[in-house]
Structures are given as structure tokens and as C-alpha cells.
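quick one, what's the 3D model for this:
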Amino acid sequence: MLPLFAHAHKLKLTETEKNILAWLEEHETAALHMNLSDLCAVLYTSNATIVRFCQKLGLSGYHDFKYQLRSELRQRRETAFYPDEYISQAVAQLQDTVTDLDLRQLEEIAGLLTSGRPLYIYGTNLSALPARYLQIVLHSLDYPSILIEWEPLLHGLVRNIRGDAILLAITASGCGERYFETFRMAKERNLTTILLTSERSSPLIPYSSIVVCTNDQKEEFQQIDVNPRIGFFIVIQILIELIAPPAG
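Model prediction:
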């Protein structure tokens with residue numbers, strides 16, 4: 001039995017929660033590929049009931065449950081690789097990301113990116129890839145921006161840039177230890193900061209003007225970050241579609 005389910009069996013559950021647990025145990029792989037609405041339809045229960053069940057397990061919600069389940073299944077199967085399952089999981093993660101996005105929030109960001117105010121885009125290591133992509137497309141559309149890929153430069157920049165500047169920072173981990181002072185200073189100066197992260201509990205969130213969270217899961221190989229950041233590219237592509245003039 002997976003540790004996640006073993007822990008659940010030790011808890012005091014309602015009859016409905018016991019039914020949820022029984023279904024998840026029997027369909028553990030299928031659960032990875034379902035969003036919350038699909039699961040509710042199968043179990044004839046509400047979103048709130050499933051979220052409360054996940055929270056009883058010490059998790060933030062269904063997304064967190066799927067992440068924990070995926071991790072334990074991967075450990076159980078050791079290094080085995082299942083291409084069809086990987087594709088299904090990736091599609092499910094993308095669906096979760098798109099479902100959770102707030103279109104009005106994205107429209108607000110698109111407006112900021114095209115406002116003519118000084119714009120700085122930050123991303124380092126693998127996060128530099130979506131940052132660079134956004135900067136290149138904005139440049140091609142005649143919206144100037146400055147790309148930053150070096151952390152010490154970011155900190156010095158926030159200290160000195162104009163008060164009406166906009167900073168869009170892309171960081172998968174949302175690492176507070178690395179960026180806390182930078183974001184604290186940005187908030188103190190009333191700068192507009194847009195945080196794109198896949199860490200929903202990032203300590204940087206309270207110091208950001210706008211936050212967009214994706215469902216990219218933390219992935220490591222030999223202690224090296226290999227998070228694909230596909231959700232980041234989806235968010236950026238939607239922003240580009242909102243910014244780019246319609247073809248015609």
C-alpha cells in the first residue's frame with residue numbers, strides 16, 4: 001500500500017471520505033489523469049468534499065494530492081519509464097494549469113507588458129528559456145523589454161530602477177531564500193512585480209503585485225532541476241495571443 005493511502009486509513013474519515021479513499025486506491029493511476037471536476041462526476045460528490053478529504057491528509061488540495069500520489073507511484077516503480085502514462089500525466093497537468101488560469105488576470109498582465117512602462121523580465125537556468133522566449137516575441141512586436149538572467153544583477157536593478165517599472169520574474173521554485181530581499185525591496189519601493197511560479201506556497205507571493213501559479217511539478221535528476229516548465233510556456237503563449245494583433 002502506498003504511504004499516502006496508509007496514512008489515510010489511520011484517520012477518522014466520514015463514510016463519504018471512505019468511499020473516496022476506496023475509489024482512489026482502486027484507480028490510483030486513473031486519478032493522476034483526472035481533474036477535480038471529472039473526479040467529482042465519477043464519485044457523485046462536490047469539489048469541497050474532495051478538497052476537505054485531501055486537506056485531512058495534510059495536503060493543500062487535489063493538485064497537491066496528485067503530486068504526492070505521482071511521486072509515490074514513481075518511487076514504487078523505481079526507474080521504470082512508461083511513455084504513454086507520461087504523456088497522459090503531462091496532458092492532465094496542462095489541463096489543470098489552463099483550468100486554474102484567471103483570464104482577467106492574464107489580460108491585466110498583457111496590459112502591463114504593453115503599457116510602455118520600463119519592463120524587466122527575469123529568469124535563470126531553465127526558467128531563462130520561457131523568459132527569453134517572451135522577451136524575443138515582445139521585441140518582435142515592438143514592445144521593448146530588458147532580459148535579466150543573472151541573480152545579483154536583478155537585486156541591484158530593483159534597488160535602482162524607476163518607480164513605474166514592471167518586473168516579471170519567472171521562478172519554478174519561488175525560492176524565498178534566494179529572492180526574498182529582492183522582492184521585499186520591490187514591494188517597499190511600490191514596484192509592480194509579476195511572479196510566475198509553480199510553487200503555490202512560495203514566500204514571495206505576499207511581496208508580489210500579481211501571481212500566476214502553474215501546475216508544473218518539481219522534477220529532479222541526480223539533484224539537478226529538470227522541471228520542464230511546460231505550464232510556463234502555456235501562460236506565456238496565452239499572454240502573447242492577448243498581445244499580438246489579430247491576423248488579417
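
low pLDDT regions in this structure?
Where the chain drops to pLDDT under 70, the residues are 77-93, 174, 176, 217-228, 247-248.

the helices in it, which residues?
3-9, 15-26, 28-32, 36-43, 47-56, 62-76, 83-100, 103-113, 128-140, 151-160, 176-188, 230-243 (DSSP state H).

as CSV, the ones you listed with mean neighbour count and distance to residue 207 would be great.
(Glycine included, C-beta is placed from N, CA and C.) Below are the helices of the chain laid out as CSV (neighbours: other C-beta atoms under 10 Å; distance: least, C-beta to C-beta, whole Å):
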stretch, mean neighbour count, distance to residue 207
helix 3-9, 15, 32
helix 15-26, 15, 36
helix 28-32, 16, 33
helix 36-43, 15, 29
helix 47-56, 17, 26
helix 62-76, 17, 23
helix 83-100, 15, 21
helix 103-113, 15, 17
helix 128-140, 18, 19
helix 151-160, 15, 11
helix 176-188, 17, 4
helix 230-243, 19, 20
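
of these, which is nearest residue 166?
helix 103-113 (5.3 Å; C-beta to C-beta).

who are the packing partners of that closest one?
Using 3 or more C-beta pairs under 8 Å, 6 or more residues apart in numbering; DSSP states H and E, the elements in contact with helix 103-113 are strand 166-170, strand 192-197, strand 210-213, helix 230-243.

run the chain-centre distance for the last one.
In this case it means helix 230-243. The chain centroid and the centroid of helix 230-243 are separated by 13 Å under C-alpha atoms, centre = their mean, to the nearest Å.

give me the angle between it and strand 192-197.
140 degrees (axes from the mean of the first three to the mean of the last three C-alpha atoms, to 10 degrees).

also compute the angle for helix 230-243 relative to helix 128-140, please.
Going by the same axes, to 10 degrees, helix 230-243 makes 10 degrees with helix 128-140.

would you mind giving the helices of the chain as TSV with distance to residue 119 added?
Below are the helices of the chain laid out as TSV (distance: least, C-beta to C-beta, whole Å):
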stretch	distance to residue 119
helix 3-9	43
helix 15-26	45
helix 28-32	38
helix 36-43	35
helix 47-56	37
helix 62-76	30
helix 83-100	24
helix 103-113	6
helix 128-140	8
helix 151-160	12
helix 176-188	14
helix 230-243	12
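
perfect, I'm done here.
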